[in-house]
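Asker: Any chance you could fold what I've pasted below:
(one chain, ligands or ions: 1)
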Amino acid sequence: MKILMVCLGNICRSPLAEGILQSKLPESFTVDSAGTIDMHAGKAPDLRSIQTGKLYNIDISAQQSRPFTTNDFEEYDYIFCMDRSNLADVLSLAKSDSDRKKVSLILGDAEVPDPYWGGLEDFDKVYHMLDKAANTIASKLTAEVEKQL
Ligand code: 4NP
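Answerer: Numbers count the residues shown, from 1 in each chain. Just a heads-up that it's a prediction; the model follows:
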């Protein structure tokens with residue numbers, strides 16, 4: 001089972017989403033993240049995301065930003081987007097219903113606000129939103145995999 005988290009720059013929200021979800025799942029699950037723009041490709045996450053993760057024992061410092069590609073539709077089973085703009089950008093690259101079915105907003109019908117222009121308190125809010133969402137996703141995916149066994 002492979003899960004991809006997507007935001008705009010892949011330096012603030014989706015790296016945290018990746019680290020948090022991976023911490024709640026066994027190693028047999030692959031969790032990765034990507035951005036809809038390539039502006040930060042190769043860079044480590046924003047220091048404020050690294051610092052926020054560290055507060056809760058989630059180490060995201062080794063991650064590197066990379067852009068989302070159409071190949072990700074083949075590679076991943078679930079693609080979770082942080083906001084509606086990310087969702088629209090990813091869906092615009094989908095080639096089939098099977099691609100489209102994999103894509104959703106991580107909060108269902110709400111958005112994870114972009115903390116890039118904000119302060120540490122905004123990163124902390126994002127952390128808690130993602131932690132809650134990751135609990136729901138981890139339970140659902142664990143149950144799904146057990147059913148397949
Ligand atoms: P992210 O945040 O999409 O959560 O990684 C942002 C990162 C960079 C920019 C905007 C949002 N930017 O404009 O460079």
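
Asker: Enumerate every residue touching Ile58.
Answerer: Leu16, Gly19, Ile20, Ser23 (C-beta atoms under 8 Å, 6 or more residues apart in numbering). Placement of C-beta: from N, CA and C, glycine included.

Asker: where along this protein do the helices fall?
Answerer: 13-24, 47-55, 72-75, 84-91, 97-101, 120-148 (DSSP state H).

Asker: Would you tell me which residues of the chain are close to the ligand?
Answerer: Cys7, Leu8, Gly9, Asn10, Ile11, Cys12, Arg13, Met39, Asp114, Tyr116 (C-beta under 6 Å from any ligand atom).

Asker: most tightly surrounded among the helices of the chain?
Answerer: When you average the neighbours per residue for each of the helices of the chain (mean count of other C-beta atoms under 10 Å), helix 13-24 leads with a mean of 26.

Asker: helices or strands up against that helix?
Answerer: Applying 3 or more C-beta pairs under 8 Å, 6 or more residues apart in numbering; DSSP states H and E, we find helix 13-24 packed against strand 2-7, strand 30-35, helix 47-55, helix 120-148.

Asker: Pick the one among the contacts of Ile58 closest to the ligand.
Answerer: Leu16 (8.4 Å; C-beta to the nearest ligand atom).

Asker: Correct me if wrong: the closest one contacts Ile60.
Answerer: Yes - the pair Leu16 / Ile60 is scored as a contact, 6.3 Å apart, by C-beta atoms under 8 Å.
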